[in-house]
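Visitor: sequence and predicted structure, then a few things I'm wondering about:
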Amino acid sequence: MAKNLLIVESPAKARTIEKILGADFEVKSCYGHIRDLEKDDMGIDIQNNFAPRYKVPEEKSKVVKELKSLAKKADEVWLASDEDREGESISWHLAEVLGLDVKTTKRIVFHEITKSAIERAVKNPRIINMDLVNAQQARRVLDRIVGFELSPVLWRKIGMQRSLSAGRVQSVAVRLIVEKEREINQFKATSSFRVEAILTATDNSNKTISFKAEDGRKYEIEGAEKFLQSCIGADYTVKDIQVKSGKRTPAAPFTTSTLQQEASRKLGYSVSKTMLLAQKLYESGKISYMRTDSVSLSETALEDIKTEINKSFGDAYLQPRAYKNKNESAQEAHEAIRPTFIQNSTDDDADTRRLYELIWKRTIASQMSDAILEKTIAKINISTNNEELTASGEVMKFDGFLKVYSESNDDDEIDGTATIQESRLPNLTVGQKLGFEEMSAIERFTRPTARYTEASLVKKLEELGIGRPSTYAPTISTIVKRNYVEKREKEGTKRELRILKLKDESIIKITSSEITGAEKNKLFPTDLGLVVTDFLSQHFNEVMDYSFTANIEEEFDKIAEGKQQWGKMVGDFYKPFHEDVEHTLENADRAKGERELGTDPVSKKPIIARMGRYGPMVQIGAQEDEEKPKFAKLKPQQSIETITLEEALELFKLPRNIGQFEGDDVLVNIGRFGPYASHNKKFYSLNKEMDPYTIDLEQIAPMIAEKRTAKDERTLKVFEKEKIQILKGPYGAYIKQGLRNFKLTKEQQEKAADLTIEEVKAIIEHLKANPPKKTRKRKNSF
């Protein structure tokens with residue numbers, strides 16, 4: 001038995017560290033948090049200064065039992081969870097559960113899992129920092145209070161079968177996406193015309209070069225046509241040439257949020273995928289700690305980077321830099337994300353290679369020289385109206401850091417590298433006469449602000465001071481999982497645009513077209529997200545306020561610095577918040593998210609779009625009418641807020657009778673579980689690509705035949721009178737009665753085809769009386 005027991009969070013990290021420390025240390029994993037707040041009564045004693053009641057969950061009991069046994073046998077226990085507040089909290093929980101003295105137990109931290117870093121940490125242990133623990137405890141308690149008190153309000157006032165939840169950060173993140181969507185929906189595009197000419201000049205080798213020159217102003221169509229008219233028969237002469245030097249500087253090394261943003265833009269990774277891969281790289285000792293909002297690099301790292309740049313690129317490419325955080329509260333860790341061994345420019349692991357190379361390039365580039373650019377601006381006179389056109393070109397004189405890496409922005413394509421696009425002008429001289437090819441006035445439309453991607457949402461949250469490096473990924477995962485937000489594509493629509501063209505001394509008018517509004521991997525609020533956001537904003541204005549949420553984060557920072565008591569901070573929040581909850585439960589009306597669209601031309605009854613039990617829908621008529629209202633489900637990309645009367649009426653064309661197949665009618669409709677076809681008293685789900693509003697018999701008949709064959713192959717026995725079937729599934733035989741399935745034991749499965757109706761009924765009754773136990777886990781709110 002080793003003298004020392006060292007406990008870390010993950011098995012991968014344990015294996016890496018054990019190889020470094022050798023036989024004196026046994027390194028074990030606690031697999032993350034070993035205890036959490038109890039589920040009953042919030043797990044918080046409100047009357048006792050919000051004292052939390054912690055419990056070791058059942059799935060962690062085996063791990064805790066093993067760690068207790070090893071701790072008793074070891075001469076000394078060391079705690080080596082991650083270096084942020086979450087990690088400090090894990091160390092404290094371990095000390096409490098294992099019966100260790102918080103004031104004397106050795107706690108070590110390190111920013112990277114390398115031999116030198118681990119050995120240095122072991123030589124310089126400290127004790128558990130209770131200020132960091134209390135900051136994390138305050139966050140956990142406050143978020144539990146918000147989630148547990150707000151969620152029941154949503155269940156009562158909105159419904160949706162208790163699937164709703166609210167959280168301090170998640171609700172504000174959804175609000176950002178909702179407000180962006182409404183801004184886009186209210187946007188009205190306006191058009192104007194921009195004038196550009198294609199001119200020519202001869203270069204040194206007597207070759208004719210074409211280049212573009214622009215007027216730079218916006219015109220109405222009449223003004224644009226008048227300008228083109230005034231240019232008929234004109235000469236074009238270079239009036240002035242200016243040459244300006246410029247430079248581009250590299251971006252700082254990665255923090256958590258900038259890594260998430262760049263991996264999204266350049267690699268197309270989701271925020272959660274980026275963090276999963278970064279965790280893997282960290283635990284295998286290849287990068288420094290991945291949850292940080294610091295941009296600084298250690299002296300050792302800077303020396304290694306300097307050596308690598310000199311060796312691979314030469315002294316001209318080296319420009320040492322020190323970066324400072326814009327975010328004053330940056331303190332999750334002490335160093336930016338960087339490779340631990342800078343000489344390794346790639347990674348052997350196929351899963352993590354692309355992310356590692358991105359981190360390596362960004363780190364190297366941060367210490368490289370500026371890129372030097374030269375911009376040429378030529379002013380060109382038009383003889384017939386004495387107006388000016390401007391032509392510009394940009395060339396790179398020295399690539400500097402761009403030899404390795406260039407930062408992207410939210411307008412770049414997914415694997416674009418955002419490098420400088422050179423646009424050379426021919427060698428021009430003042431007074432030079434230029435050739436003329438054509439001039440165009442092209443209609444351009446204003447564009448709405450872009451919807452959030454995961455990357456741009458993280459950027460916005462960081463700008464507002466909402467959340468911290470460890471919270472961005474789980475926040476986005478939660479709002480998508482809760483169906484408040486969906487990540488999807490949007491097809492563009494065709495739009496006509498007008499072009500006026502001056503060529504061969506005459507003006508012609510052309511109608512062209514463009515695709516507008518197409519978007520990929522953007523975050524859209526669902527109708528549920530819209531309704532919940534409006535309800536919370538109306539009744540819990542403070543919780544939904546951006547500044548308030550950011551101020552709460554600052555309060556956590558003060559607790560971490562030992563400047564504030566966490567119990568008082570939570571108490572100051574709780575009293576007014578709880579009063580709002582009580583008032584809302586008592587007085588608020590039920591939220592329906594209703595919108596009246598108009599009147600049904602046939603029945604003359606109102607048509608309303610609203611949230612129903614199973615999602616957004618439209619209805620004709622009201623519940624109190626003598627005749628029952630008609631209902632129709634919205635299509636996947638339709639919304640209560642934007643659906644028109646015409647689109648709503650189209651939805652009521654279902655069910656459709658599309659003809660007869662094998663002598664029976666085929667009806668197409670949309671049910672609770674999506675679009676389906678019914679034929680000969682049987683139901684068949686439509687394939688994903690099939691639209692129930694447009695599909696015809698020719699398309700659907702082969703699908704029915706194919707699905708019927710597949711169904712027959714898995715049907716073992718049918719009791720027609722009782723409407724009970726015994727079917728064969730991927731996990732064996734089972735009984736189906738209506739919409740309910742009943743699992744058979746292994747012994748019953750072996751003789752499934754021979755079961756009598758009496759035996760089947762007995763099995764069903766037994767399973768109804770003794771349902772299999774399900775372990776339900778309440779998800780945390782963020």
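Guide: Cool, got the structure. Numbering: from 1, shown residues only.

Visitor: so Thr533, which of the three states?
Guide: helix (DSSP: H, G, I helix; E, B strand; the rest coil).

Visitor: hmm, it is touching Pro525, no?
Guide: Yes - between Thr533 and Pro525 there is a contact under CB atoms under 8 Å: 7.3 Å. All C-beta atoms are positioned from the backbone trio N, CA, C, and that covers glycine.

Visitor: any shared contact partners between the two?
Guide: 174, 178, 484 (CB atoms under 8 Å, 6 or more residues apart in numbering).

Visitor: more neighbours: Thr533 and Pro525, which one.
Guide: Between Thr533 and Pro525, counting by other CB atoms under 10 Å, Pro525 is the more crowded of the two (27 against 23).

Visitor: got the phi/psi numbers for that one?
Guide: Dihedral angles of Pro525 (phi, psi; degrees, to the nearest 10) stand at phi -70, psi 140.

Visitor: quickly note the distance from it to Pro448.
Guide: 15 Å (CB to CB, to the nearest Å).

Visitor: need the buried ones from the shared contacts of Thr533 and Pro525 selected in ChimeraX.
Guide: A single ChimeraX command selects the buried members of the shared contacts of Thr533 and Pro525 (16 or more other CB atoms under 10 Å):
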select :174,178,484
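
Visitor: in strands only, show me the shared contacts of Thr533 and Pro525.
Guide: Nothing among the shared contacts of Thr533 and Pro525 maps onto strands, per DSSP state E.

Visitor: residue contacts, the most centrally placed residue in the chain?
Guide: Taking CA atoms, centre = their mean, the centroid of the chain lies closest to Glu454, which sits 3.2 Å from it. Each residue near Glu454 by CB under 8 Å, 6+ apart is listed here: 260, 264, 270-271, 476, 487, 521, 523.

Visitor: can you pull the poorly scored residue ranges out of the chain?
Guide: 1-2, 160-162, 326-333, 410-422, 711-712, 773-782 (pLDDT under 70).

Visitor: would you mind finding the longest helix in it?
Guide: Of all the segments of type helix in the chain, defined by DSSP state H, the longest one is helix 130-157.

Visitor: what's that helix packed up against?
Guide: Judged by 3 or more CB pairs under 8 Å, 6 or more residues apart in numbering; DSSP states H and E, helix 130-157 is in contact with strand 36-37, strand 44-45, strand 51-52, helix 85-98, helix 527-539, helix 546-560, helix 566-587.

Visitor: rerun at 10 Å
Guide: Applying 3 or more CB pairs under 10 Å, 6 or more residues apart in numbering; DSSP states H and E, one finds that helix 130-157 contacts strand 36-37, strand 44-45, strand 51-52, helix 85-98, helix 170-186, helix 527-539, helix 546-560, helix 566-587.

Visitor: buried sites along that helix?
Guide: Applying 16+ other CB under 10 Å to helix 130-157 flags 131-151, 153-154, 157 as buried.

Visitor: what do you get for stretch 191-211?
Guide: In stretch 191-211, counting by 16+ other CB under 10 Å, buried: 192-197, 199, 201, 209, 211.

Visitor: ok, now stretch 664-679?
Guide: So for stretch 664-679, counting by 16+ other CB under 10 Å, buried means 666, 668-670, 675-679.

Visitor: of all the helices and strands packed on helix 130-157, which lies closest to Arg498?
Guide: helix 170-186 (24.6 Å; CB to CB).

Visitor: tell me the angle the closest one makes with helix 527-539.
Guide: With axes from the mean of the first three to the mean of the last three CA atoms, to 10 degrees defining the directions, helix 170-186 sits at 110 degrees from helix 527-539.

Visitor: so what does helix 170-186 touch, helix or strand wise?
Guide: Checking 3+ CB pairs under 10 Å, 6+ apart, helix 170-186 ends up next to helix 130-157, helix 454-464, helix 472-481, strand 485-490, strand 519-525, helix 527-539, helix 546-560.

Visitor: show me what the third one is packed against.
Guide: Packed against helix 472-481 by the contact rule (3+ CB pairs under 10 Å, 6+ apart) you find helix 170-186, helix 256-262, helix 271-283, helix 454-464, strand 485-490, strand 519-525.

Visitor: the same query, at a cut-off of 6 Å, please.
Guide: helix 170-186, helix 271-283 (3 or more CB pairs under 6 Å, 6 or more residues apart in numbering; DSSP states H and E).

Visitor: check the last one too.
Guide: Under the contact definition 3+ CB pairs under 6 Å, 6+ apart, helix 546-560 sits against helix 130-157.

Visitor: helix, strand, or coil at the nearest residue to Ala322 once chain neighbours are set aside?
Guide: Computed as CB to CB, 6 or more residues apart in numbering, the closest residue to Ala322 that is not its neighbour in sequence is Ser296, at 7.3 Å. What three-state DSSP gives for Ser296 is coil.
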